[in-house]
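Engineer: quick one, fold the following:
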Amino acid sequence: MRFTRTIPIASLILSILVLWQPTLADSRSGLPSAKEEKIPYLSDKNKCLGGFSPSFRLGGEIKNPTTYNLQNFRNLRDTLKKQNPALVTEITVSFQTGSGPRTETYYGVPLWELINNPKAGGGLKPGNSGLNSKNSFLRQYVLVDATDCYGAVVAIGEIQPNFEGKTVLVAYAKKGTDGKVVPLIDEGFARLVVPGDKAGGRYVTNVTNILILSAPASPLKPKYF
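Structural biologist: Purely as a prediction, here's the structure:
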């Protein structure tokens, strides 16, 4: 008699333990793991509010990470121009916007020089070369972020002189209606200028980060026929 009564009691205890286990797992999952690195996202601290950007950070897979504001960026442009008087630092472009076509003349530093000149980024650092390291820089790209978290990408192959060699500009000024050079003001201290693009989607304004990154290895396994 006693034996038959202990069976439902034991079953009840086991049921409670089974139901209790997910609760314990859920409570533990909220704790940071000692081996797990917490990645800070822009949205975590409400950093996507937009507005004027007084500086930008140059970083990622680059030898000399630096932060630029209007003064030291203008000084960099002057230094690079003295090094190479033929360096293109002024570009007139036409592109389509949401409010219609637009033509502007911008002044700034070529993105390739910003990344590679010893006075600036100092050159690319090796990134993720994947399974084949040949021309690994062609896996690298530039991610340009804005204060509202808008972003655009420029492949290194687009600006590398031995490939497309496009003069993408990081601009800090433009030609005003009176012909004088004026700060960008409503576009942040710096913006991206991508000649050849028909639409202005990559003309990122209020630049806050310029990061050099590598494309990940392909998730597809090689197939043999």
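
Engineer: tell me if I'm right that A152 and Y141 touch.
Structural biologist: No - between A152 and Y141 no contact is recorded; they are 10.2 Å apart, counting by Cβ atoms under 8 Å. Where you see a C-beta, it was placed from the backbone N, CA and C, and this is true even at glycine.

Engineer: more neighbours: these two, which one.
Structural biologist: Regarding A152 and Y141, a neighbour count based on other Cβ atoms under 10 Å identifies Y141 as having more, with 20 against 16.

Engineer: for the more buried one, which residues are in contact?
Structural biologist: For Y141, the set of contacting residues under the criterion of Cβ atoms under 8 Å, 6 or more residues apart in numbering consists of V153, V154, A155, I156, I212, L213, S214, A215.

Engineer: can I get those residues in a markdown table including distance to N84 and pLDDT?
Structural biologist: Below are the contacts of Y141 laid out as a markdown table (distance: Cβ to Cβ, whole Å; pLDDT from 0 to 100):
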| residue | distance to N84 | pLDDT |
| --- | --- | --- |
| V153 | 27 | 97 |
| V154 | 21 | 97 |
| A155 | 24 | 97 |
| I156 | 20 | 96 |
| I212 | 22 | 96 |
| L213 | 27 | 95 |
| S214 | 28 | 93 |
| A215 | 31 | 89 |
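
Engineer: just those: which are in helices?
Structural biologist: Among the contacts of Y141, DSSP state H puts I156 in helices.

Engineer: any idea how far the nearest residue to L138 once chain neighbours are set aside lies from T79?
Structural biologist: Across the structure, with Cβ to Cβ, 6 or more residues apart in numbering as the measure, the residue nearest L138 apart from its sequence neighbours is G157 (5.0 Å). In this view, G157 and T79 are 27 Å apart by Cβ to Cβ, to the nearest Å.

Engineer: would you format the contacts of Y141 as TSV with distance to T147 and neighbour count included?
Structural biologist: Below are the contacts of Y141 laid out as TSV (distance: Cβ to Cβ, whole Å; neighbours: other Cβ atoms under 10 Å):
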residue	distance to T147	neighbour count
V153	18	12
V154	19	20
A155	24	17
I156	25	23
I212	20	21
L213	20	16
S214	25	20
A215	25	14
